[in-house]
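Chemist: Let's see this in three dimensions:
(3 chains)
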Amino acid sequence: MELQFYPYDFEYKVEEGTTFFYFYGRTKEGQKVAVKHHYQPFFYAAASNIDRKKFEERVLKLSLKTGIEPAQVVRLELVEKDLLGKKQEFYKVYANYPKAVPLLAKEIQAWGINCYEKDILYTHRYLRDHDIIPMRQVTAVGNFVRNQWMRVPVFVAESVTQRSQETLPVSDWRILAIDLETYAVKREIDPKNNPILMAGLYGAGKDGREFRKVITWKNAALPEYVEIVADEAALLQRMKEVILEYSPDILTGYFTDGFDFPYLQARAEKHKVRFDLGVDYSEIIVNQSSFGDKESKIKGYLHADMLKFIRNIFGKDLDVETYSLDAVSRELLGHQKHKVELEKLSQVWDNNPEKLAEFCAYNLHDSFLAYRLCEKLLPDMMEFTSIVGLPASDVIRMRFSKLVESYILKRATEFTAVAPNKPENTEISRRREESIQGAFVFEPVPGLYKDIVVFDFRSLYPTIISAHNLGPEGLKCSCCADKIKSHVPGKEEYWFCSREKKFLPAILEDLIFRRAEIKKQIKQAKARKEDTALLEARSYSLKILANSFYGYLGFYAARWYSLESAASTTAYARNYITTTISKAQQKGFKVVYADTDSCFLLLEGKTMEEATAFMEEINKTLPGQMELELEGNYPKGIFVGLKGRDQQSVGAKKKYALLRKDGTLKITGFETVRRNWSLLAKEVQEKVLELVLQEKVEEGLKYVKETIKELRSGKVALDKLIMKTQITRELSSYSSFAPHVKVAQEMKERGLNIDAGTIISFIIVKGKGLIRDRAKIPDDVAAGEYDAEYYVDHQLIPAVASIFAVLGYNEEEVFKDSSQTGLGKYF
DNA sequence: TGGTTCCACAT
DNA sequence: CAGTTTGGAACCA
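Modeler: Below you'll find the predicted structure:
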């Protein structure tokens, strides 16, 4: 019979010597299933320049002792494959089970024969070789078999194919979010001694309404969604039942990899409760690497720890200070966490259970936020999954380099390419020593400019790599060696094949092309007022994957490492931007600034038509998918001087502000966002930039003077004067006492818990002596007690001095005023 | 300024 | 053929 289903979790099992790949998924009707399919593991061994007869005899006799059964070669096949651009013959060496692969390969390498793809995970290999994309419809031919080892029906497949690319809509996946609150005095997280107090679960009910539940074990008057059980062991038991009954495809949460699931595992073990949620009745599996991150797995589910996906992949474009659930939800959902004093939970639990309700609400709300994040980002997770072709659980936990490499590996099959091996440790150290020249940045002359037109190269690095065929395969190719006309600009020693499009640039070109197609679709969909969330997700995935190729080529641990290619990418980029600059200058445009892929021109009486004509002209000369685009045109812009240098001549790079036509500002590089600046300094800096850009310089000066007056009058609201600095280690280990350290000590003396990570807020007040002795906790500062002169000298003036300096005002000329001392005397 | 150390996130 | 060892901010000399 035929079975159609949507798989989302994968593993393999060796059963009586036969290796089976296992799919776990669900049918359209919502029935969870397991599908098993036999597939023989293998790797490659170089077949060139060896005595093949002798090799075959020897290799087929191999039998390496291991803990399980001896590692043996099942059979050999001779194949032709492409290794870094060179066609060669390889043996495809089939092993008797997956873990035999590295053992056999190591032995054969010891004979002096290179082996390849010996560290490709079996489950990943299976998916790639069968061209199966997780979470999309799969058709298996075979039969259901009786079993008692699985919680779900088991189907034994003779064949498995993906005929359709169809997937389920977001609303059809059953998602359940979990969140735990634990007993924790002084933020001490201790799964050995501290119990789980409550477990929040949030999902969608089968009736379409919300599914909300909090399980706790304290008898108190609590809201209707709270279920009270006898003790912690009962909580665990009940939680398991609820999850099984809900039967989610996706289990989600926030930092569930490192906190909730390991905690559940530890407490279940302590109470001897079998928390066997796994589809095969297995318990939670926590993989802890000797360093850093944990990963938690529950067999038969897609465990999506939203923190992992956001931190590793999705959050790179996000404007958040930390990846805390609070900050991320605020940014992505417009919701924040409920505000409760979590430190008091343990105390309330012990002494005032009647106050537990607000903690239950908090608990449920956290799981609600995780659910919403999962729902919102599911299209993105699925897109990365489909481009890379690996399980979503792996994809969301990958760093960029791994993501790129997985995409390359997926495409390698089509190009019959064999993957180069990962570098050895010595090679890694060697590579880590190397570095390349980066981007070109045009040093601006400080000043206030008008009518600035900004052009930039769309996806500069990816399009260069694709257009110039950069990559290890085409580097210094022998076919083009005799006619080296087109070497890399400024690097006579490098050239890349011009006869044949090579593997890496070809698959990168695909990504860029596919993204361009999707962008067109987005435009059309928007015109029809359709929802574009899915398309945006695809476009975003393709974009960051394409952008990561350059970094990958220069990444020390990359299989397709090619520092020459990375260096050539920036060399071409420098050449394109400098060429664009000089061509603009030849046309009579003044160039004020340029950075990596962008170029800022002044119209100076010329028209926008002339500027775009210039752009068109450049575009005619560009190869492949390269394109110069109009980023925008701005009525005004300011570039400021470098601190401590001649403020009139040397401009700071990557620091400027532009005024848009609609009056809004585009501020880059200024300190306005840093938390160790007071809100006052940020506000004043922004306001002054705005006034100056609107040519209201006098008004700007006046504004500063008024602000200073206000400061001195003691009327400025205290919350605008708070400065924040993070405590980064154990308080007692500080040997120098910056203001925030001193405040932290004071807070600790009052019984507040201060440890690494706490952000200390403080205000500097009037008085004698060192600054640090005048730093106070904001709550202790009386209105007007702050030290106005400190704020003038250390916050206000530094925030605006460079802006006024651009206009030729030095502090003395401009800020002349009263009888004050210090810099403030000029105001 | 550059080199080095420390910490992500959860209660 | 689940294992490797990150990177960015804050601090210090």
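Chemist: my guess is residue A:313 meets residue A:404, correct?
Modeler: No: contact criterion C-beta atoms under 8 Å: residue A:313 and residue A:404 do not qualify, at 11.6 Å. The C-beta positions use only the backbone N, C-alpha and C, and glycine is treated the same way.
Chemist: More neighbours: which of those two?
Modeler: Neighbours per residue, other C-beta atoms under 10 Å: of residue A:313 and residue A:404, the larger number sits with residue A:404, 27 against 24.
Chemist: now the helix or strand that contains residue A:93: mean pLDDT?
Modeler: For residue A:93, the enclosing helix or strand under DSSP states H and E is strand A:86-95. The predicted model gives strand A:86-95 an average pLDDT of 95.
Chemist: chain center to that strand, what's the gap?
Modeler: Centroid separation for strand A:86-95 versus its chain: 36 Å, with C-alpha atoms, centre = their mean, to the nearest Å.
Chemist: List the strands paired with it, with their directions.
Modeler: The pairing partners recorded for strand A:86-95 under DSSP bridges are strand A:42-46 (antiparallel), strand A:73-83 (antiparallel).
Chemist: Mind checking these for the one nearest to DNA strand B?
Modeler: Shortest separation from DNA strand B across the strands paired with strand A:86-95 is recorded for strand A:42-46, at 32.8 Å, computed as C-beta to the nearest atom of the strand.
Chemist: got a list of contacts for that closest one?
Modeler: A:55, A:59, A:79, A:81, A:88, A:90-95, A:101, A:104-105, A:108, A:113-118, A:120, A:418 (C-beta atoms under 8 Å, 6 or more residues apart in numbering).
Chemist: Could you do stretch A:214-224 as well?
Modeler: A:197-201, A:225-232, A:234-235, A:238-239, A:242, A:349, A:353-354, A:356-357, A:360-361, A:363-364.
Chemist: Show the average pLDDT along it.
Modeler: 94.
Chemist: and that stretch with DNA strand B, contact?
Modeler: No: judged by C-beta under 7 Å from any atom of the strand, stretch A:214-224 makes no contact with DNA strand B; its nearest approach is 11.8 Å.
Chemist: first to last residue in that stretch, what's the distance?
Modeler: Stretch A:214-224 has an end-to-end distance of 9 Å (criterion: C-alpha to C-alpha, to the nearest Å).
Chemist: same thing with stretch A:268-278?
Modeler: End residues of stretch A:268-278 are separated by 14 Å (C-alpha to C-alpha).
Chemist: what about residue A:341, how many residues close to it?
Modeler: Using other C-beta under 10 Å, residue A:341 is surrounded by 11 other residues.
Chemist: Which strands or helices does the helix or strand hosting residue A:197 pack on?
Modeler: With the criterion set as DSSP H and E, the secondary-structure element containing residue A:197 is strand A:196-204. Counting contacts by 3 or more C-beta pairs under 8 Å, 6 or more residues apart in numbering; DSSP states H and E, the secondary-structure elements packed against strand A:196-204 are strand A:175-182, strand A:210-216, helix A:232-246, helix A:261-271, helix A:357-388.
Chemist: So what does residue A:668 have for phi and psi?
Modeler: Its backbone dihedrals place residue A:668 at phi -130, psi 130, with angles given as degrees, to the nearest 10.
Chemist: Nearest residue to it in space, please, no chain neighbours.
Modeler: Take residue A:668 and drop its neighbours on the chain: the residue closest to it by C-beta to C-beta, 6 or more residues apart in numbering is residue A:656, 5.6 Å away.
Chemist: repeat for residue A:125
Modeler: In space, not counting the residues next to it along the chain, residue A:125 is nearest to residue A:41; the distance is 7.3 Å by C-beta to C-beta, 6+ apart.
Chemist: hang on, the one you found packs against residue A:93?
Modeler: No: in terms of C-beta under 8 Å, residue A:41 does not count as a neighbour of residue A:93; the distance is 9.6 Å.
Chemist: If you rank every helix and strand of chain A by mean pLDDT, what lands last?
Modeler: Ranked by mean pLDDT, DSSP states H and E, the helix or strand of chain A with the weakest confidence is helix A:811-814, at a mean of 57.
Chemist: Phi and psi next, for the residue of chain A found nearest DNA strand C.
Modeler: When C-beta to the nearest atom of the strand is the measure, chain A has its nearest residue to DNA strand C at residue A:122, with 2.1 Å between them. Note on residue A:122: its backbone torsions stand at phi -60, psi -50 [degrees, to the nearest 10].
Chemist: Please report the number of neighbouring residues for it.
Modeler: The burial metric for residue A:122, expressed as a neighbour count using other C-beta under 10 Å, is 21.
Chemist: pretty sure it contacts residue A:40?
Modeler: No: in this structure, residue A:122 sits apart from residue A:40 without contact. The criterion is C-beta under 8 Å, and the distance is 10.0 Å.
Chemist: Give me the common contacts of those two.
Modeler: Taking C-beta under 8 Å, 6+ apart as the contact criterion, the residues that touch both residue A:122 and residue A:40 are residue A:19.
Chemist: Any idea what the closest residue in space to residue A:608 that isn't next to it in sequence is bridged to?
Modeler: Leaving aside its chain neighbours, residue A:608 sits nearest to residue A:633 (6.5 Å; criterion: C-beta to C-beta, 6+ apart). With DSSP bridges applied, the residues forming beta bridges to residue A:633 are residue A:453.
Chemist: residue contacts, residue A:633?
Modeler: With C-beta under 8 Å, 6+ apart, residue A:633 has these contacts: A:451-454, A:603, A:608, A:611, A:661.
Chemist: ok, 7 Å please
Modeler: Contacts of residue A:633 were listed using C-beta atoms under 7 Å, 6 or more residues apart in numbering, and they are A:452-454, A:608.
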